[in-house]
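*Asks:* sequence first, predicted model second:
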Amino acid sequence: MKTTRATANLVVLLALAAAALLFRFPPERYGFYPACPVYRYLHLYCPGCGGTRALAAILHGRVSEAMHYNPLFVMLLPLLLMFGGTVYWSAVTKNKIEWPPVPTTAVVSLLTVMTAFTVFRNV
């Protein structure tokens with residue numbers, strides 16, 4: 001059954017196409033990117049606010065600018081890429097999706113950091 005491998009490759013291809021789109025049309029110059037619904041309706045910054053602009057800045061090699069937009073996203077990006085790479089590798093080599101185990105303390109710690117980040121960036 002090759003559907004898992006093909007699906008994984010399609011997801012990576014779509015992610016690369018999205019990154020190319022973000023690189024070519026940065027959000028600070030083009031307004032067709034969707035606004036954050038949390039900010040739009042509640043006027044509060046969520047933990048992801050600025051993530052798109054931060055990723056666009058990283059793609060252009062401007063890490064300090066990305067840290068200005070969303071430091072939490074920038075610091076978590078290597079972990080997200082590693083997690084995604086691990087899932088992709090298992091899909092391609094074993095033809096099945098295996099999610100890496102994540103310790104409960106890591107999940108609780110991440111949720112605590114995200115909550116504190118959200119509170120401090122809105123104060």
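*Replies:* Happy to help now that I have it. Numbering: from 1, shown residues only.

*Asks:* select the longest helix from this protein.
*Replies:* Secondary structure of the chain per DSSP state H: the longest helix is helix 71-94.

*Asks:* elements contacting it?
*Replies:* In this structure, helix 71-94 makes packing contacts with helix 3-24, helix 51-59, helix 63-69, helix 104-122, judged by 3 or more Cβ pairs under 8 Å, 6 or more residues apart in numbering; DSSP states H and E. Backbone N, C-alpha and C define where each C-beta goes, glycine included.

*Asks:* residue 87 is nearest to which of those helices?
*Replies:* helix 3-24 (7.9 Å; Cβ to Cβ).

*Asks:* buried set for the closest one?
*Replies:* 5, 8, 22 (16 or more other Cβ atoms under 10 Å).

*Asks:* using pLDDT, spot the least trustworthy of those.
*Replies:* Lowest pLDDT among the buried residues of helix 3-24: residue 5, with 91.

*Asks:* thought it was touching residue 95?
*Replies:* Yes - the criterion here is Cβ atoms under 8 Å, and residue 5 meets it with residue 95 at 5.3 Å.

*Asks:* against residue 14, how distant is residue 34?
*Replies:* As for residue 34, its distance to residue 14 is 17 Å (criterion: Cβ to Cβ, to the nearest Å).

*Asks:* low-confidence bits of the chain, can you list those?
*Replies:* 1-2 (pLDDT under 70).

*Asks:* so how many other residues sit close to residue 99?
*Replies:* 9 (other Cβ atoms under 10 Å).

*Asks:* tell me who's in contact with it.
*Replies:* Counting by Cβ atoms under 8 Å, 6 or more residues apart in numbering, residue 99 makes contact with residue 87.

*Asks:* go on, residue 105?
*Replies:* Residue 105 touches nothing, counting by Cβ under 8 Å, 6+ apart.
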